[in-house]
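Participant: with the input below, show me the fold.
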Amino acid sequence: MTKVKICGLMESEHVRIAVDAGADAIGFVFAPSSRRITINEAKELAKYVPPQVMKIGVFVNASREEIERTYKEVPLDFVQFHGEESEEFINSIQLPSIKVFSVHSEKDVQEATSYTTDYYLFDAPGTVYKGGSGVTFDWKLLNDSGIASNKIILAGGLNAENVEEAVRRVQPYMVDVSSGVERNKRKDGSLIKAFISAVKDGER
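Facilitator: Prediction:
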C-alpha cells in the first residue's frame, strides 16, 4: 500500500491528527519557507510521532553540521535534500536520504539516475521557495525514469481529489503533500484526514 507523508507540519494538533489518520511519515521543514521550524520546535512536535511513523527533515543546501545536528537532536529518520546537493555530498553524510528533483522535463527525471539514494522524490518546480508550489507536473515523465517505483516519492500539487489517480498512474512508494492539505496557508485537520483516506481507501 502506498505510504503517505504529510509535510510542513508546525503545530502539535496537526501532527496528532495526521498520525491518528494513518500518516506513515511526518515532514519537518528546516529550510527557508513559510513552514520553516527550529530544531527545538521539531523536538517538541516529534514527541507526538510514534516510532512506526517516519520523521523526515527537509533541508535546502544546508551544511553538514546543521544536518547532522538536526538529525541527532530531533531525532529524524530521513534527511530530505531539496537543494542542489551533489551525490558526493549526500553520500558523505551517510544518513538515510531522500533526494528531491524538480521536474520541468524528462531531463530532470533522468538526472535522478546519477544519484544513489534511498528514495527519489519528484516534485513540481517551486515558486518563491523550493517545493510547495501547489501545482502538478506531467506524471507520464516518470514512466520510463529508470527508477524503480518502490523508490519513488511523488509530490507536487497533490490533494484529496487527484491523489488516487496519481497513485494509480505512478504507483509510487509514497505520496507527499503540504499545500494540498492547507486552508489559507495553514494546515487543516479535515483536509489531512481526507487526503490520507483518499490514498488508503482508494487502494482497498
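Participant: rest of the way, CA atoms for contacts and neighbours
Facilitator: Will do.
Participant: what mean pLDDT does stretch 5-24 have?
Facilitator: Mean pLDDT, computed over stretch 5-24, is 98.
Participant: and that stretch, what's buried?
Facilitator: 5-10, 12, 14-19, 21-24 (16 or more other Cα atoms under 10 Å).
Participant: which ones among these are found in strands?
Facilitator: The strands, defined by DSSP state E, take in Lys5, Ile6, Cys7 from the buried residues of stretch 5-24.
Participant: all the strands of the protein, in order from the start?
Facilitator: Using DSSP E, the strands of the chain run over 3-7, 25-29, 54-59, 78-81, 97-102, 119-123, 152-154, 174-177, 182-183, 186-187.
Participant: tilt between the second one and strand 54-59?
Facilitator: When you say that, I think you mean strand 25-29. Going by axes from the mean of the first three to the mean of the last three Cα atoms, to 10 degrees, strand 25-29 is angled at 20 degrees with respect to strand 54-59.
Participant: so which other helices or strands are in contact with strand 25-29?
Facilitator: Packing contacts for strand 25-29, counted by 3 or more Cα pairs under 8 Å, 6 or more residues apart in numbering; DSSP states H and E, involve strand 3-7, strand 54-59.
Participant: to Lys185, which of those strands lies closest?
Facilitator: strand 3-7 (12.8 Å; Cα to Cα).
Participant: now do that closest one against strand 54-59, angle only.
Facilitator: Going by the same axes, to 10 degrees, strand 3-7 makes 50 degrees with strand 54-59.
Participant: and the longest helix along the chain, what other elements does it pack with?
Facilitator: Identified as the longest helix of the chain according to DSSP state H is helix 189-202. If you count contacts as 3+ Cα pairs under 8 Å, 6+ apart, helix 189-202 packs onto strand 3-7, helix 12-21, helix 163-170.
Participant: so can I have CSV of the helices and strands packed on strand 25-29 showing distance to Glu182?
Facilitator: CSV is the format used below for these (distance: least, Cα to Cα, whole Å):
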stretch, distance to Glu182
strand 3-7, 11
strand 54-59, 18
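Participant: so how many other residues sit close to the closest residue to Arg64 other than its chain neighbours?
Facilitator: Distances taken as Cα to Cα, 6 or more residues apart in numbering place Ile93 nearest to Arg64, at 6.9 Å, with adjacent residues excluded. Ile93 has 14 neighbours, counted by other Cα atoms under 10 Å.
Participant: quick one: Ile93 and Glu66 touch, right?
Facilitator: No - using Cα atoms under 8 Å, Ile93 makes no contact with Glu66, being 11.2 Å away.
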